[in-house]
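Chemist: model the following, please.
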Amino acid sequence: LPVEAPVAADAKLALRALLPLLDGTDGSFLAKYRAEMDSWRARMAALCDGSRDPIAPQYLMGCLDELAADDAILTCDSGTIATWAARHWTIRGDRRFYLSGNLATMAPGLPYAIAIQHALPGRQVIAFVGDGGFAMLMAEFLTAVRHELPIKVVVSNNNAYGQILWEQIVLGYPEYAVRHRRPEADFSSWARGCGAYGAKVTAPGEV
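Modeler: Sure, this is the predicted structure:
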């Protein structure tokens, strides 16, 4: 991208030096974008619809956001799961949010949660993952059980590689190898088989 004014500096120091040069001290610029942010949040809240069936992923994430502790730590995979988490996980109190910065890193949510729970045993740690990512590293759930780590793992199971499915649709490509055969995997039975709590939720009212 073309650069009009390159600045190489510590961000805090640079912003402090630039602040006196800024116009708009009447607050109108900030007010404008606060209003736009409020409008965006209202649109996101409208998507958290508990009446949609099958369960809307936005609603699932919205419920997690509402019920999680103010110092909870959320981890997730890349893909559509990252979209729902980024839009509906509210950073308040001492909350944290971890996901991979690399493109299409499908399965870090579960191992991130395990590592963070080891490091911070007193914090609530939630892995919000997709069925594709969880299936790749689901054996690590047994690791969590054996180490008695109280992580919460929420699997949003659309029985597909959602992000790639969207890309194929948007780009007009023929759909290829993105949906799995039915019935979808029941990951709750794996959780119970490992000796943990597991529940398969299929109706919005059960969330």
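
Chemist: hmm, Ala160 is touching Ala177, no?
Modeler: No - counting by CB atoms under 8 Å, Ala160 sits too far from Ala177 to count as a contact (10.1 Å). In this view, the C-beta of every residue, glycine as well, is placed from N, C-alpha and C.

Chemist: so how many other residues sit close to the residue lying closest to Ala135 once chain neighbours are set aside?
Modeler: Spatially, and ignoring its direct neighbours in sequence, Ala135 is nearest to Ala185 (6.8 Å; CB to CB, 6 or more residues apart in numbering). Using other CB atoms under 10 Å, Ala185 has 16 neighbouring residues.

Chemist: what sits up against the lowest-mean-pLDDT helix or strand in the chain?
Modeler: Every helix and strand in the chain was compared by mean pLDDT, DSSP states H and E; the lowest is helix 162-171, with a mean of 86. By CB atoms under 8 Å, 6 or more residues apart in numbering, the surrounding residues in contact with helix 162-171 are 78-81, 104, 130, 132, 173-176, 178-179.

Chemist: repeat for stretch 9-25
Modeler: By CB under 8 Å, 6+ apart, the list of residues contacting stretch 9-25 reads 7, 30.

Chemist: now the strands for the protein?
Modeler: With DSSP state E as the criterion, the chain has strands at 73-76, 96-98, 125-130, 152-156.

Chemist: got those strands as CSV, with mean neighbour count columns?
Modeler: Listed next are these as CSV, based on neighbours: other CB atoms under 10 Å:
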stretch, mean neighbour count
strand 73-76, 27
strand 96-98, 16
strand 125-130, 28
strand 152-156, 21
